[in-house]
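*Asks:* One predicted model, sequence on top.
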Amino acid sequence: MKNIFLVALAILCASATGCAQKKVSNAVDSAFKTKFSNATNVSWDKENDHEYEAEFKINGVNYSANFSDTGKWLETEQVITYEELPQSVKQSFMASHKDAKVKGVAKIDTSEGETRYEIEVKQLLSSEELFYDANGKELQDDDSED
């Protein structure tokens, strides 16, 4: 009986994982494959009515990329370490958030040619995302478009 339960649970989990994969249009799929031809472990999610996000790996590094529903690349987010941040970003962050506990860091490249950095910090029971431009200026939420 225990084995039947475990098999049923495994099938349920596999089904749920399969259902979590979002279908994307041919335009989005083609644009993604062109830009990230060496991506592995790709999974899709729908951000909103007109935007999709792919999560994937390249050479073991975690990335996510957003595309419009027409296939236009919008941005790519790459997981990096705190040490990989530009010195100007680290200095700005430490000046205003010196006691913050860093939870994660990412580099964001946009279709407009901008590079931003995201530092996720733990705050009591939640977390907050802080954004900086390449010069270390902290951006407000509306400046970061996230």
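*Replies:* Arrived safely.
*Asks:* contacts and neighbour counts: CA atoms only from here.
*Replies:* Will do.
*Asks:* for the chain, what spans make up the strands?
*Replies:* Using DSSP state E, the strands of the chain run over 40-48, 51-58, 61-68, 73-80, 101-110, 115-123, 126-133, 138-139.
*Asks:* ok, Glu55 - contacts?
*Replies:* Contact analysis of Glu55 by C-alpha atoms under 8 Å, 6 or more residues apart in numbering lists Asn41, Val42, Ser43, Trp44, Asn62, Tyr63, Ser64, Ala65.
*Asks:* Just give me the residue right at the centre of this structure.
*Replies:* Compute the mean C-alpha point of the chain, and by C-alpha atoms, centre = their mean the closest residue is Ser64, 4.1 Å away.
*Asks:* Bridged to the closest residue to that one other than its chain neighbours, which residues?
*Replies:* Spatial nearest neighbour of Ser64, chain neighbours left out: Glu55 (4.3 Å); criterion: C-alpha to C-alpha, 6 or more residues apart in numbering. With beta bridges defined as DSSP bridges, Glu55 has these partners: Ser43, Ser64.
*Asks:* Compute the distance between Gln91 and Lys98, please.
*Replies:* Per C-alpha to C-alpha, to the nearest Å, Gln91 is found 10 Å from Lys98.
*Asks:* So between the two, which is more surrounded?
*Replies:* Neighbours were counted for Gln91 and for Lys98 using other C-alpha atoms under 10 Å; Gln91 has more, 15 against 10.
*Asks:* surely the more buried one meets Gly136?
*Replies:* Yes. Gln91 lies in contact with Gly136 (C-alpha atoms under 8 Å); the separation is 7.5 Å.
*Asks:* thinking again about what came up before, so which of the contacts of Glu55 wins on neighbours?
*Replies:* Ala65 (22 neighbours).
*Asks:* and the closest residue to it other than its chain neighbours, bridged to which residues?
*Replies:* Excluding the flanking residues, the one nearest Ala65 by C-alpha to C-alpha, 6+ apart is Thr76, at 4.2 Å. Beta bridges link Thr76 to Ala65, Asp109, judged by DSSP bridges.
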